[in-house]
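Participant: predicted model and sequence follow; I will ask about them next.
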Amino acid sequence: MSARKIIIDTDPGQDDAVAILLALASPEDIDILGITCVAGNVPLALTSKNARIICELAGKIDVPVYAGCAHPLGRALVTAEHVHGKTGLNGPDLPDPKMPLQDGHAVDFIIETLRAQETGTVTLCPLGPLTNIATAFEKAPDIIARVGEIILMGGAYFEVGNITPAAEFNIYVDPQAADIVFKSGAPIVVMPLDVTHKVLVTKARNDAFRALNTPVGTAVAQMTDFFERFDKEKYGSDGAPLHDPCVTAYLIAPQLFSGRQINVEIETASELTMGMTVADWWGVTDRAPNALFIGDVDADGFFALLTERLARL
Ligand code: BDR
Ligand code: CA
C-alpha cells in the first residue's frame, strides 16, 4: 500500500511534537503534505515556531508549515502552559528554527490541498483545537466530501475532563469548531483521553528513548520528562500520556487500537459542561453513529513501534 497523504493540524505541545516525529520517521506509511498550526497549548506564534523546531530536529526541513487561526471561533483562547511550559516545548533546549513559515493561511492550504488531490485520498490529523478544520469547512463546504478521513485527538467519555470536570482540552478550547467537525458527515476516528491515558511514558519507556542516543531520542526523553510532572501530580499516573501520537500511530498500525462506531455530540451551550463530548458508548439513543471512538490500545505494541521509528531519525 502506498503512503497515506495527510495534513497534520497541530498546537505543539510536547505530545504533538512526538506525534509529528513519528510521522516524519515513517515515510513508507505517511506522506505529510503539510503541517498547519493553530492556537491551543500556547498561542499561535509559538505553535507555528515549535512545529518548525521539530521538523528541523528531525532534519526534515522541506515539510511546508503554515500558521492558521490565532483564536477559537467564538470564545477567548484558553492555553495550557501549566502542562506544557511557557514555550509549549519545555524540556529540551532546542534552537530557534531557520526554516520559514509558508506564505498564506493554513485554512487556505487545507482547502487548496483537498481540492487539488483526488477525492478521498487526504486524511486530516488534528492534534489540537479544531479551529482551522472548522474554518476550512465553513469557508469551503465542497471540501468536506473530499476528505478521506479525520483522525483526531480530542474528547473523553469514561475519563471525563482534563481541563474542566467535563471537558478535554482540545474540544474545550473551541467547542463550536468541534461541533462543526463532528456534524460535518466526514468519517471521523477519535482518540479520546480514554485511550491516550493508557499510553504512559513509564521510566523504562523513557529510558528506551534516551538509549537511542540521538538528538531526537534525547529530546523526546527530555520532553516527556517535563510533560509527565503534570499528570503524575494530577492522576498519580506512571508517566506522561502520549495523547497526540495515538493519531499518527493509528495511521501506521490501526490494529493496535480498538473502539466503537458511535454517536458523539459536542456541548456548546452550558458553561458548566462546555466542550463535553457526549459519547453514546452504550447506544442508549437512536442518534446516528458519526465517529469511531477508540477505547483501547496495545500500549507495549505502541511503544515498540514508536521507539523503533524514532531510532530512524
Ligand atoms: C490534548 O491537549 C493538549 O494539551 C495535548 O497536546 C493534547 O492534544 C490532551 O488533552
Ligand atoms: Ca495537541
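Facilitator: Received the coordinates, thanks. Ligands and ions are numbered 1, 2, ... in the order given.

Participant: distance of Gly91 from Arg210?
Facilitator: With the distance defined as C-beta to C-beta, to the nearest Å, Gly91 ends up 12 Å from Arg210. Any C-beta I mention is one placed from the backbone N, CA and C, and that applies to glycine too.

Participant: what about these two, which has more around it?
Facilitator: The neighbour count for Gly91 versus Arg210, taken as other C-beta atoms under 10 Å, is higher for Gly91 (20 against 15).

Participant: surely the more buried one touches Arg229?
Facilitator: No: the pair Gly91 and Arg229 fails to qualify as a contact (C-beta atoms under 8 Å) at a distance of 10.3 Å.

Participant: gap between Ala134 and Asp16?
Facilitator: Looking at Ala134 against Asp16, where the rule is C-beta to C-beta, the gap reads 19 Å.

Participant: also Gln261?
Facilitator: If you measure Gln261 against Asp16 using C-beta to C-beta, the figure is 26 Å.

Participant: higher neighbour count, these two?
Facilitator: For Gln261 and Asp16, the more surrounded residue by other C-beta under 10 Å is Asp16, and the numbers stand at 32 against 12.

Participant: in contact with that one, which residues are there?
Facilitator: Listed by C-beta atoms under 8 Å, 6 or more residues apart in numbering, the contact set of Asp16 reads 10, 41, 50-51, 127-128, 244.

Participant: could you redo the last one with a cut-off of 7 Å?
Facilitator: The neighbours of Asp16, taking C-beta atoms under 7 Å, 6 or more residues apart in numbering as the test, are 10, 127-128, 244.

Participant: same question, Met223
Facilitator: Under the criterion of C-beta under 7 Å, 6+ apart, the contact list for Met223 reads 14, 17, 89, 91-92.

Participant: and which of those is nearest Thr196?
Facilitator: Gln14 (13.2 Å; C-beta to C-beta).
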